[in-house]
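**Student:** My questions concern the predicted model and sequence given below.
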Amino acid sequence: MRPQPEVPSAVAPVDVEQAGAALVEHYPRLVRLGYLVLPPSLGRSRRVLTAHSLAQRSLPLGRRAALAADDAIPLPRRPADGAAVDPGYAHVRQRVLRTALEAGRPLRRLAWPRRSQLPPLLPLVWGLRLFPHSGGAGELALEQALSALSGPARAAHVLRGLEGLRDGEVRRVLAAAGVADPRAALVEADAVAAPYALLDSTEFDPCSLQARPPDLLRRHRHVRAAFAGVAALLVCGALLGLPGNGWGRDMTSAPLYARNPAAERALEPAALRRVPPAYWLRSSRTDFTAWPTRGDRTDDTRLLRRALAVWARPGRAVRSSTTPATPVGPPMGSPQLLYAGEVGRTAVVLFYDGLRVVRYAEARDADPAEGAALDFARVDSADAASAGALVVTRGAGTVRYLTAPWVRRASVRDLLVPGRAARPLHRDRDGVTDALPVPAAGGGCRTWSTVEVREGASTRLLTDLGELAPARLTSGPPTAPHDVSGRAERESWARTACLLTAMRSRGVRSVNSWPYARQWLPEGNGSAQWLCTRAETWRGAGSRVLAQFQAPSAQSAAGGAVPPGAVAARAENSPACGVRAPRVLAGVLWKSHGGRWYVLAAGSTEFASLTTSGGVAGRARGHLLAVPARAGDRARLNGVLADGSRVGALR
């Protein structure tokens, strides 16, 4: 027998103004809820617009008093987080959930479609396709798992993970939204094994979007055809009313439908620039221009033509990713072919046009029309240090690299275990490495695999931050950074690696970690190290700076895995710890082993004195400070340089 819907135990009347305030305050969360519950078959662009439309229609218009009784929603019995229940938010959430579930139901032949089942009229964007930012392998797996669920099961999973509701509360909300069997929806949602934290990823944030054009060539052809038809009708009408021959013959400008030979040549596989294998040995430049053309499908004209066509005109089925501030237009002339071959079950093509590296990938056994991947990465001003490798494929928590021709040896090193020796990393004849784990895959940080490449006399450390070009890791002061070497530098990086997750997908070119001070802790608690970690991007702007406090740890003394350092301060687009301003000042509230609290601060050697004010007052000569404090105290930190100028703490 089919189970009956559960009946809510209480009903909360909601005022229109209260619901409107909740809609404005929680709008991004409501849009994310609708986007996750909507069926993935709608496509990412339409799901974005539909989710916004559902959220904007969740508050009925024309009601000045309390909402009608049929719009009232069940009041939760026990909120999962123990906070007070906002009936206004519960009301708009219920309406968004109900309409999102209705949008996923199939149309009936003899019934009028509901408004939520039709394409949204508003918001409306002409000439653009809007998509959330692409995530990693975990988000892709979650998207596939959710697409296999029914609408009620997707809603149950989202209410559990995004809203934090208990199962009993989920059943009541689903029953109020019109779900016939909430218990079955919960059972089906149990099949999703992905962590709930992935629901907060930018992959599922329809309020943080990237814009792409539609199929511009097809639209232009339709527009040209329409204009040509209208013009032909007008000309024919005018000629019918004129005696003799009224057609002019001397037209010097090209018509609107004229073809562009230069743009068409850039899309021809025969025009691709190919570099001989030994060219890099005599080249005056050591960057991507010296990379030879490699791969077992460099002569596959059909594959290369598809890749160039998708680059110039990506369709709706193409999954695309772009590093920040990277142009995504067609090639600016004939690009250089870096690689074309099969890696596992994927056919991959890598291009370079002087500004960008473009990666095209398609499944080997699938129809190319069913979808492909297109990735853009800005790599202008690359040199031998930053052109050592490129990501060629990504799998389920793994990554493969294509190394530069001048890389003599490649190894894998776990950054979190500085005492463990690097193990060799096998490469095929084209320089493609075996698959290695993605750093901090799955949301944890129990291992951080980096690639150590030997280039002549230099050994460089590269790490994957979710983009085509891996980031180079360095140590040393900002004026003279160098490649990571020695046990001490690897130990400081072991406690810094897990902080690199905050720098993913930002177009990072290199990350330098600089130990700028060492401080003896009060009460004989050993010595701590202060580091400044700065990430530089390919575009120049968007740098990120972190000041770390690394207290001594028992794991470090034992030689095992070490805990990460504490972030004392952070800043965006700051010159601190860079070539222009190679100085930094930061402080923390620290508790000794004896249970007493202190304000600790350290600056680089340019500081002559440090002072604290506010909740804790103190002063110290030199660039180190330790002042007794109490738990929860807040202090304002300032420093004076040797030339007398005052500098505040990093913020």
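**Tutor:** Perfect, I can see it now.

**Student:** shaky segments in the stretch 51-200 of the chain?
**Tutor:** Low-confidence segments of the stretch 51-200 of the chain, defined by pLDDT under 70: 60-85, 106-129, 131.

**Student:** All the helices of it, residue numbers only.
**Tutor:** Ranges of helices in the stretch 51-200 of the chain, per DSSP state H, counting those that start in this stretch, are 87-103, 137-147, 151-161, 167-176, 182-189.

**Student:** which other residues reach the second one?
**Tutor:** The one in question is helix 137-147. Applying Cβ atoms under 8 Å, 6 or more residues apart in numbering, the external contacts of helix 137-147 come out as 36, 39-41, 154, 157, 191-195, 198-199, 201, 203-204, 394-397, 438, 441-443. To be clear about C-beta, it is placed using only N, CA and C from the backbone, and glycine gets the same treatment.

**Student:** Any of those buried? List them.
**Tutor:** Among the contacts of helix 137-147, those classed as buried by 16 or more other Cβ atoms under 10 Å are 36, 39-40, 154, 157, 192, 194, 198-199, 201, 203-204, 394, 438, 441-442.

**Student:** Closest to residue 409 out of these?
**Tutor:** Checking the buried ones among the contacts of helix 137-147 against residue 409 with Cβ to Cβ, the nearest one is residue 438 at 22.0 Å.

**Student:** so that closest one makes contact with residue 136?
**Tutor:** Yes. Contact criterion Cβ atoms under 8 Å: residue 438 and residue 136 qualify, at 7.3 Å.

**Student:** Okay, now the unreliable bits of the stretch 401-550 of the chain?
**Tutor:** Where the stretch 401-550 of the chain drops to pLDDT under 70, the residues are 441-443.

**Student:** residue contacts, residue 588?
**Tutor:** Shown in contact with residue 588 (Cβ under 8 Å, 6+ apart): 549, 566, 568, 599-601.

**Student:** Just checking, which helix or strand succeeds the longest strand along the chain along the chain?
**Tutor:** Counting residues, the longest strand in the chain under DSSP state E turns out to be strand 508-520. Counting by DSSP states H and E, the element after strand 508-520 in chain order, helix or strand, is strand 527-537.

**Student:** Would you mind listing the buried residues in that next one?
**Tutor:** Neighbour-count burial for strand 527-537, counted by 16+ other Cβ under 10 Å, picks out 528-537.

**Student:** Residue 327 contacts residue 355, correct?
**Tutor:** Yes. With contact defined as Cβ under 8 Å, residue 327 reaches residue 355; the gap is 7.2 Å.

**Student:** related to what we said a few turns ago, including distance to residue 423, could the contacts of residue 588 go into TSV?
**Tutor:** Output for these, formatted as TSV (distance: Cβ to Cβ, whole Å):
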residue	distance to residue 423
549	32
566	31
568	34
599	44
600	38
601	41
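
**Student:** State the distance from residue 448 to residue 468.
**Tutor:** 19 Å (Cβ to Cβ, to the nearest Å).

**Student:** what about residue 649, how many neighbours?
**Tutor:** For residue 649, the neighbour count with other Cβ atoms under 10 Å is 22.

**Student:** what's near enough to touch it?
**Tutor:** 569, 585-587, 601, 637-639.

**Student:** on that earlier part again, what about the helices of the stretch 51-200 of the chain, which gets the closest to residue 425?
**Tutor:** The minimum distance between residue 425 and the helices of the stretch 51-200 of the chain falls on helix 137-147, with 19.8 Å, by Cβ to Cβ.

**Student:** Now do that closest one and helix 151-161, the angle between them.
**Tutor:** Per axes from the mean of the first three to the mean of the last three Cα atoms, to 10 degrees, the angle that helix 137-147 makes with helix 151-161 is 140 degrees.

**Student:** just checking, residue 287 touches residue 385?
**Tutor:** No. Counting by Cβ under 8 Å, residue 287 does not reach residue 385; the two are 9.8 Å apart.

**Student:** So residue 32, which state does it fall into?
**Tutor:** What DSSP: H, G, I helix; E, B strand; the rest coil gives for residue 32 is helix.

**Student:** What is the neighbour count of it?
**Tutor:** Using other Cβ under 10 Å, the number of residues around residue 32 comes to 24.

**Student:** And residue 499, by the same measure?
**Tutor:** Other residues lying near residue 499 total 22 when counted by other Cβ under 10 Å.
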